[in-house]
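S.K.: Sharing a model prediction with you, sequence too.
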Amino acid sequence: MDEKMTPELIREAGKHLIFDPSSDREKQNEGLKMIYEAFALGDSEAAFWFGRFILDGVIEVKGKNDVDNALSLIMSAADRGCIQARAYLNSYCNFRYDKKFKEKAFSGPLVDFDRRRIKINKKGMFTPVDAVLKYENGKNILTLSVNLKFVYLDALPNAEQFEEAIVAGVSAWAGEYTVFGGQQLTVKVVVTRNEQALDNLVIYPFTNSVIAMFDEIKNTVLFKNGKNVFVEAVEQRRSFATHLFGWTVHSVKNIYILSEDGNFDDYTDLMNVAKHEFGHVIGLGDLYCNEKDGLSGVDFGTYDELDCYAVGRKAYNLVMCDHNGPISNNDIEMVIMAFMKNRMQLYQSERFKNKVSEALGRGN
């Protein structure tokens with residue numbers, strides 16, 4: 001390889017040969033070889049194109065797991081910051097879902113799977129996230145209202161950008177969804193920043209200095225009793241949400257934001273982390289596999305609506321599995337059920353305890 005030819009240049013040259021209308025079969029094959037070369041050299045966008053060409057049938061790969069392998073390549077590229085890979089992966093999974101669940105839409109006040117009217121009016125001083133469901137002008141509207149309070153245990157140079165990213169992540173739950181067998185639902189998210197409010201969702205950024213201070217006290221009596229998830233999460237530098245004495249509509253809720261390098265300069269990643277953690281705040285469990293936390297993951301083939309977003313045996317392109325993933329209709333159904341039943345909704349049992357959400361396995 002020419003020393004001046006970087007993986008990026010090889011990839012772009014390959015793309016030119018493939019997509020140039022004047023290229024014949026021989027030139028296109030040469031372009032595919034260049035894409036593969038760039039992929040082998042670690043280029044994330046080349047990994048995306050290689051995976052996509054497999055899915056599109058441009059590249060023939062012998063093996064029964066072609067789709068899984070291609071999706072894994074695209075997921076890997078997306079996780080490494082390839083924007084095209086993330087957009088394509090979301091589009092591909094949503095297409096699979098829409099193709100499988102062609103629900104006939106019907107109107108009227110929102111009802112559950114058993115056609116019972118759903119009523120949600122959870123709000124007040126001791127409700128960190130208010131949830132109100134209304135049927136107005138022929139539309140079902142669920143409004144989630146939250147007051148964010150940022151607590152800095154150490155100075156954060158880019159605090160304004162940090163806060164904007166967190167607000168964007170929380171707000172990402174707003175949108176149009178189809179739930180409970182074909183009913184249209186609009187979700188609105190109202191974020192306020194009132195310092196005097198009592199029912200806050202508190203956000204704590206943990207910088208390196210804060211982690212250093214924490215390391216000095218983590219072995220004290222305060223943290224030594226039994227298995228402490230808080231300590232493990234900080235040690236592993238992973239963000240997490242807490243709810244005092246178990247999740248209920250009224251439980252105190254906090255979000256702790258950490259990063260591997262102690263910096264908070266990746267706006268998109270911060271936004272997506274906040275999106276995932278806010279999912280816990282509004283009543284959803286984790287979808288991924290984490291044996292330390294007693295989570296064995298959900299096997300492909302367990303629930304049809306999750307399978308549409310599968311990128312592996314236990315990996316899903318969904319927000320509660322991969323924080324970069326989209327929010328699904330099913331996620332929103334589970335949020336509604338959390339506020340209805342005043343109980344966290346789980347994709348999987350935790351340490352073989354607690355029930356899996358009744359929303360799973362019933363379509364959308």
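M.R.: Nice, I can see it.
S.K.: Mean confidence (pLDDT) on the host helix or strand of Asp215, please.
M.R.: Secondary structure from DSSP states H and E places Asp215 in helix 208-217. For helix 208-217, the mean per-residue pLDDT is 82.
S.K.: Sort out which residues of it are buried, please.
M.R.: Buried positions in helix 208-217, judged by neighbour count with 16 or more other Cβ atoms under 10 Å: 210-211, 214. For every residue, glycine as well, the C-beta is placed using N, CA and C.
S.K.: Please apply the same query to stretch 326-344.
M.R.: Buried, per 16+ other Cβ under 10 Å, within stretch 326-344: 326-340, 343-344.
S.K.: Can you dump the C-alpha atoms of the helix holding Asp215 in CSV for me?
M.R.: Backbone C-alpha positions of helix 208-217 (Å, rounded to 0.1, in the frame of the first residue of the first chain) are rendered in CSV as follows:
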residue,chain,number,x,y,z
ASN,A,208,-12.0,12.4,37.7
SER,A,209,-11.7,14.6,40.8
VAL,A,210,-15.0,13.4,42.2
ILE,A,211,-14.1,9.8,41.5
ALA,A,212,-10.8,10.3,43.3
MET,A,213,-12.7,11.7,46.3
PHE,A,214,-15.1,8.8,46.1
ASP,A,215,-12.2,6.3,46.1
GLU,A,216,-11.1,7.6,49.4
ILE,A,217,-14.4,6.9,51.1
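S.K.: Show residues contacting it.
M.R.: 153-154, 206, 223, 234, 237, 258, 262 (Cβ atoms under 8 Å, 6 or more residues apart in numbering).
S.K.: let's see 10 Å
M.R.: 152-156, 204, 206-207, 218, 223, 230-231, 234-235, 237, 256, 258-259, 261-263 (Cβ atoms under 10 Å, 6 or more residues apart in numbering).
S.K.: now do stretch 110-117
M.R.: For stretch 110-117, the external contacting residues (Cβ under 10 Å, 6+ apart) are 108-109, 118-120, 133-135, 140-142, 179-181, 183-185, 333, 336-337, 340, 358-359, 362-363.
S.K.: which of the residues in that stretch are buried?
M.R.: Buried-residue list, stretch 110-117, by 16+ other Cβ under 10 Å: 110, 112.
S.K.: Distance across it, terminal residue to terminal residue?
M.R.: Start to finish, the residues bounding stretch 110-117 are 6 Å apart (Cα to Cα, to the nearest Å).
S.K.: Next: stretch 12-27.
M.R.: Stretch 12-27: ends 14 Å apart by Cα to Cα.
S.K.: can you pull out the helices in the stretch 251-364 of the chain?
M.R.: Ranges of helices in the stretch 251-364 of the chain, per DSSP state H, counting those that start in this stretch, are 267-281, 304-307, 329-341.
S.K.: now swap in the stretch 101-250 of the chain and tell me
M.R.: Using DSSP H, counting those that start in this stretch, helices in the stretch 101-250 of the chain cover 159-171, 208-217, 221-224, 229-235.
S.K.: highest average neighbour count across those?
M.R.: Greatest average neighbour count among the helices of the stretch 101-250 of the chain goes to helix 159-171 (a mean of 19), per mean count of other Cβ atoms under 10 Å.
S.K.: For it, C-alpha coordinates in PDB please.
M.R.: Taking Å, rounded to 0.1, in the frame of the first residue of the first chain, the C-alpha atoms of helix 159-171 are listed here in PDB:
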ATOM      1  CA  ALA A 159     -21.200  22.800  32.100                       C
ATOM      2  CA  GLU A 160     -23.500  24.600  29.700                       C
ATOM      3  CA  GLN A 161     -22.900  22.100  26.900                       C
ATOM      4  CA  PHE A 162     -23.200  19.200  29.300                       C
ATOM      5  CA  GLU A 163     -26.600  20.400  30.500                       C
ATOM      6  CA  GLU A 164     -27.800  20.900  26.900                       C
ATOM      7  CA  ALA A 165     -26.800  17.300  26.100                       C
ATOM      8  CA  ILE A 166     -28.700  15.900  29.100                       C
ATOM      9  CA  VAL A 167     -31.800  17.900  28.300                       C
ATOM     10  CA  ALA A 168     -31.700  16.700  24.700                       C
ATOM     11  CA  GLY A 169     -31.400  13.100  25.900                       C
ATOM     12  CA  VAL A 170     -34.400  13.400  28.200                       C
ATOM     13  CA  SER A 171     -36.400  15.200  25.500                       C
END
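S.K.: for it, what is the average pLDDT?
M.R.: Mean predicted lDDT for helix 159-171 stands at 97.
S.K.: now the angle between helix 267-281 and it, please.
M.R.: In terms of direction (axes from the mean of the first three to the mean of the last three Cα atoms, to 10 degrees), helix 159-171 departs from helix 267-281 by 50 degrees.
S.K.: From the contacts of stretch 110-117, list just the buried residues.
M.R.: Buried among the contacts of stretch 110-117 (16+ other Cβ under 10 Å): 118, 120, 133-134, 140, 142, 179-181, 183, 185, 333, 336-337, 340, 359, 362-363.
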